[in-house]
Structure formats: C-alpha cells, structure tokens
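[1] Give me the fold of what follows.
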Amino acid sequence: MKAPQINSTAAVQPVSHYENFPVASVLCPPRLRPAIAAIYHFARTADDLADEGDASAAQRLAALAQYRADLLAIAGDQAHSGQWPQVFEPLQRVLQDFQLPLPLLADLLDAFAQDVRYTAAQRRYRDDAELLDYCTRSANPVGRLLLHLYGITEALSLTQSDRICSALQLINFWQDVSSDVARGRWYPSVQAMAAHGVSDADLQPDSQSDNARQLMAAYAAQARALMQAGAPLACRIPGRAGWELRLVVQGGLRMLDKIEAINFATWRTRPKLTARDVPLMLWRALWMR
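    Predicted coordinates for the structure are as follows:
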C-alpha cells in the first residue's frame, strides 16, 4: 500500500533542541562551520520528522520518503520539493563543495525510518548486536561525515570514530530510559533484559529494581569501554578539531558519571549536563593522552 502523501510539514513540525554537545562551535575551523551546520540541520530535521509532533507513523514515513527524495534530487543537481529549503539549499552547496559521501546521509534516514517502524509495531531489539547495528546507521555516519570534512580517511581513525559515535548513541539511550519507555521505545534488548531478570515493570518510574540497576550498570560500562576505545582519535587529530572531539568524549564520559551517581536508575530520573560540569570536562580534556 502506498503511503499517503503530505505536501507540507504541518503534521510533523520541527522543534528546538538543547544538545549535550556543541555543534559548529568556536573550536571548529571557520571554513567548516557552514558545512557542519548543514549536516547537523539535515540530521536534526529528519529526526524531528520521525519523532516530534502527533503525526501518524504513515505520515512520518511519507515525510521521510519525501525528505530522501529531496536529498537524491540535490545530489543529482535537481530541484528539491521546496518543503525544507532551510535544509536542502545549504546542504546542496556543501555536497558540491566537499563531495560528501551520499550513502552516509542516506544511512541516517534509514535509522530514522527504522525508529518509526519499530515504535509503531512496538518492536524491540532482540539482542545487543542488533542494537549496535542500529548505531552504525543512526550515529556512526555523523562521525565519518565530520572526518570526511577534515580529510581524514585512514581505517584506524574511522574505526575509532565509530566507537565514539556508537558510545554517544548508547549513552543517549541510557540517559533517556524514562522518556523512551513512556513513549513505547525500548532500547534495552530482549536478550539483555532476560539475562538480568528485568521485566517491563522494573523500568517503570516507581520501580526500585536492583536487577534493573545491574542492567543499566552493564550498559553504562559497555558505553564507557567503547568511548575509551575511540578516545585516542581525539589526541591524534590536530588543532581545533582535536579539542572539539576531546570535549565531545569528555561530555559523554561525564554523562556516564552522572548516570552512575544516581545508581544507574535512569528509568526514574533523567540526568543531564550543566554549566557546572564544564570546568571538569575542560580539565579532563586538557590531560587526555
């Protein structure tokens, strides 16, 4: 059955977001800021189409399909639909100027569409391998796109970037358990929940489950190990880009500290970074080796 067509974004309006980590900050080389901002707004708007507002799953998938068609149009130097000019006009210039790898942008759209389908079907990830596979499309392309802008293509750097990005995605999942469960999104895998003896009730806001704490502690340890495995990349990249990445790494590690500080009970409380965390993150970034 063909998904219904929508000719505007009225049903799925983008919203403003407060991010844990800076985007196109003063640490980025000025010549790359427009490109980084264009990539960010492409991903952010697509995420909003998949996630925000009260549109149906069919409407969301139709919007993402049109969004993908617009991406392919500008990649072929054709006119886009005009629904998201603030996204595709700057992105078209970036695609031309930097020869961005189109499959990486398409992977992000695949991940957003997967989120819509999984939520609509109340489908869960069978095991952690399936969850990490999702990260290869939802998070890792962003790091690879940024490395492309910096002209970094060697295999070790790409692998370490993937580890950092997957870690950030996982940290976001474990930070947001309370809100995700309320919306019917279950990122803890079926296998991991069974292995720790965790039921759905154990991840409800009034739960005091020790098994749930052990599950989230294991997930936090996995994310920390991934982040630490990728962190050496930040010390090899010279100049502003390296310092930017150091702060991203330290922001993720600091969030894991915050999760641990609430005894991993993120199904009850959502931890967040504040201005008070910045001096410690800067200090840790300075001493990274």
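[2] in the stretch 101-250 of the chain, which spans are helices?
    With DSSP state H, counting those that start in this stretch, the ranges of helices along the stretch 101-250 of the chain come out as 102-121, 128-138, 140-149, 155-175, 177-182, 190-195, 210-230, 232-236, 239-261.
[3] What residues sit buried inside the fifth one?
    This points to helix 177-182. 177-178, 180-181 (16 or more other Cβ atoms under 10 Å). C-beta: built from backbone N, CA, C; applies to glycine.
[4] Among the residues you listed, give me the pair with the biggest separation.
    Maximum pairwise distance among the buried residues of helix 177-182 (Cβ to Cβ): 7.5 Å, between Ser178 and Asp180.
[5] coming back round to it: what is the nearest of the buried residues of helix 177-182 to Leu104?
    Checking those one by one against Leu104 (Cβ to Cβ), the nearest turns out to be Asp180, at 25.1 Å.
[6] okay, now the closest residue to the closest one other than its chain neighbours: neighbour count?
    Of all residues not flanking Asp180 in the chain, Tyr187 sits nearest, at 6.3 Å (Cβ to Cβ, 6 or more residues apart in numbering). Using other Cβ atoms under 10 Å, Tyr187 is surrounded by 20 other residues.
[7] In contact with Tyr187: list those residues for me.
    Residues near Tyr187 by Cβ atoms under 8 Å, 6 or more residues apart in numbering: 125, 131, 173-174, 177, 180.
[8] Run through the chain and note the low-pLDDT ranges.
    1-27 (pLDDT under 70).
[9] Give me the domain ranges for it.
    Structural domains annotated on the chain: 27-123, 125-289, as defined by automatic domain parsing.
[10] How far does the longest one stretch from one end to the other?
    Length of domain 125-289, first residue to last, Cα to Cα, to the nearest Å: 36 Å.
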